[in-house]
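Chemist: Pasted the sequence and its predicted model underneath.
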Amino acid sequence: MFGITLSLASVLLSYTTLVAGHGYVQQINIGSTAYTGYLPYTDPYYNPPPQRIVRQIPGNGPVTDVTLIDLQCNGYTAGGVVGSAPAPIYGTVAAGSQVNLNWTAWPESHVGPMITYMARAPSDITKWSPGTSAVWFKVAQTGKTASGQWASTDLLSAANSIYSFTVPAKLKAGQYIIRHEIIALHSASTYPGAQFYPSCIQVQVTGSGTALPTSFVSFPGAYTPTTPGIVFDVYTNTNATYPIPGPAVWTGN
Ligand SMILES: *[C@@H]1O[C@H](CO)[C@@H](O)[C@H](O)[C@H]1NC(C)=O
Ligand SMILES: *[C@@H]1O[C@H](CO)[C@@H](O)[C@H](O)[C@H]1NC(C)=O
Ligand SMILES: [Cu+2]
């Protein structure tokens, strides 16, 4: 009896450790404004749930199938939540300014790139789901530096779990989804293996810019099982350049 209790406790303990090993964006800092992220382990238990600018995610685990709508915003198709069910509110950011994303503690083993896309909402962002439309453009990416430092975990840890990117200065004002992700490559030597940790943040971009990109990708669609960088052995390619997946970065300049 005592033995059973003990082993149950250790099973529970190791499960907790495993689950705690992944992560998500817990806070968004824009200028002096801090927006709490969608907190998957507490938000669903409030009635009414707190209003967030981040679309709902099921937890801190990854998406691994690049063909699923789940790859878009880390929503899931099961359980009544569609891939990118809109959030009720949005943040505000001036074009040309920095957005700082505060990740939960990130496991050191989960090395890989950090990539950020945006998509312009054709109408009210709190009601818009892009589905499989090609609406996304890349605004920032960091892979592995020449000296071998990965965006995650090396650079992210060095920045106290804060990832920063700049909204293109000339981007036309309007409502946008920011799709930000870490792709963890610790098991990516074959497909499926790479772990995608995307989430979607709703913002109103302000400013007098007039620029918009002309080419777009879809999620799912932008990545395939054979896209360079989706399959990558981080253990044998220690000295190799890492090909960041997806299109070129659009700066608007
Ligand atoms: C990141 O968010 C956590 C949780 O809200 C907070 O404790 C921490 O201070 C934040 N880090 C920074 C640098 O803002
Ligand atoms: C990587 O480069 C270092 C230093 O040049 C070398 O010692 C090492 O063998 C290389 N590793 C691989 C896997 O090529
Ligand atoms: Cu993990």
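Modeler: Everything's here; your move. Ligands and ions are numbered 1, 2, ... in the order given.
Chemist: ok, and the closest non-adjacent residue to the closest residue to ligand 3 within the chain?
Modeler: For the chain and ligand 3, the shortest gap (CB to the ion) falls at His22, measuring 3.9 Å. Quick note: C-beta positions are derived from backbone N, CA and C, even for glycine. Using CB to CB, 6 or more residues apart in numbering and skipping the chain neighbours, the partner closest in space to His22 is Asn60 (4.1 Å).
Chemist: Give me the number of neighbouring residues for the residue of the chain closest to ligand 3.
Modeler: Residue crowding around His22 was assessed by other CB atoms under 10 Å; the count is 19.
Chemist: ok, it touching Val63?
Modeler: No: because the distance of 11.2 Å does not satisfy CB atoms under 8 Å, His22 is recorded as not touching Val63.
Chemist: which residues do the two both contact?
Modeler: Contact with both His22 and Val63 is made by residues 195, 197, according to CB atoms under 8 Å, 6 or more residues apart in numbering.
Chemist: Following element in sequence after the one helix or strand in the chain whose mean pLDDT sits lowest, please.
Modeler: Taking mean pLDDT, DSSP states H and E as the measure, the helix or strand of the chain with the lowest value is helix 2-19, at a mean of 40. The C-terminal neighbour of helix 2-19 among helices and strands, as given by DSSP states H and E, is strand 25-30.
Chemist: where does the stretch 1-150 of the chain have low pLDDT?
Modeler: Residues of the stretch 1-150 of the chain meeting the criterion pLDDT under 70: 1-21, 76-84.
Chemist: Residue of it closest to ligand 1, please.
Modeler: Of all residues in the stretch 1-150 of the chain, the one sitting closest to ligand 1 is Asn102 (3.6 Å; CB to the nearest ligand atom).
Chemist: For that residue, grab the count of nearby residues.
Modeler: Count around Asn102 with other CB under 10 Å applied: 18.
Chemist: Leaving out the residues flanking it, which one is nearest to it?
Modeler: In space, Asn102 comes closest to Gln27 once its chain neighbours are excluded; the distance is 3.8 Å by CB to CB, 6+ apart.
Chemist: ok, Leu39 - contacts?
Modeler: Per CB under 8 Å, 6+ apart, neighbours of Leu39: 26, 50, 52.
Chemist: Can you say which of these are buried?
Modeler: By the neighbour-count criterion of 16 or more other CB atoms under 10 Å, those include these buried positions: 26, 52.
Chemist: Rebuild the contacts of Leu39 as CSV, extending it with distance to ligand 1.
Modeler: Rendered in CSV, the data for these read as follows (distance: CB to the nearest ligand atom, whole Å):
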residue, distance to ligand 1
Gln26, 5
Pro50, 13
Arg52, 13
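Chemist: of the contacts of Leu39, closest to Gly174?
Modeler: Closest approach between the contacts of Leu39 and Gly174, by CB to CB: Arg52, at 20.4 Å.
Chemist: Verify the contact between the closest one and Asp43 for me.
Modeler: Yes: counting by CB under 8 Å, Arg52 does reach Asp43; the two are 7.0 Å apart.
Chemist: quick one, helices of the stretch 151-253 of the chain?
Modeler: Assigned helices in the stretch 151-253 of the chain, in chain order: 154-158 (criterion: DSSP state H, counting those that start in this stretch).
Chemist: What residues does it have near ligand 1?
Modeler: Residues of the stretch 151-253 of the chain lying near ligand 1 by CB under 6 Å from any ligand atom: 160, 162.
Chemist: All the strands of the stretch 151-253 of the chain, in order from the start?
Modeler: Per DSSP state E, counting those that start in this stretch, the stretch 151-253 of the chain carries strands over the ranges 162-166, 174-184, 195-206.
Chemist: Packing partners of the second one?
Modeler: Judged by 3 or more CB pairs under 8 Å, 6 or more residues apart in numbering; DSSP states H and E, the packing partners of strand 174-184 are helix 70-73, strand 98-103, strand 114-120, strand 195-206.
Chemist: No further queries at this time; thank you.
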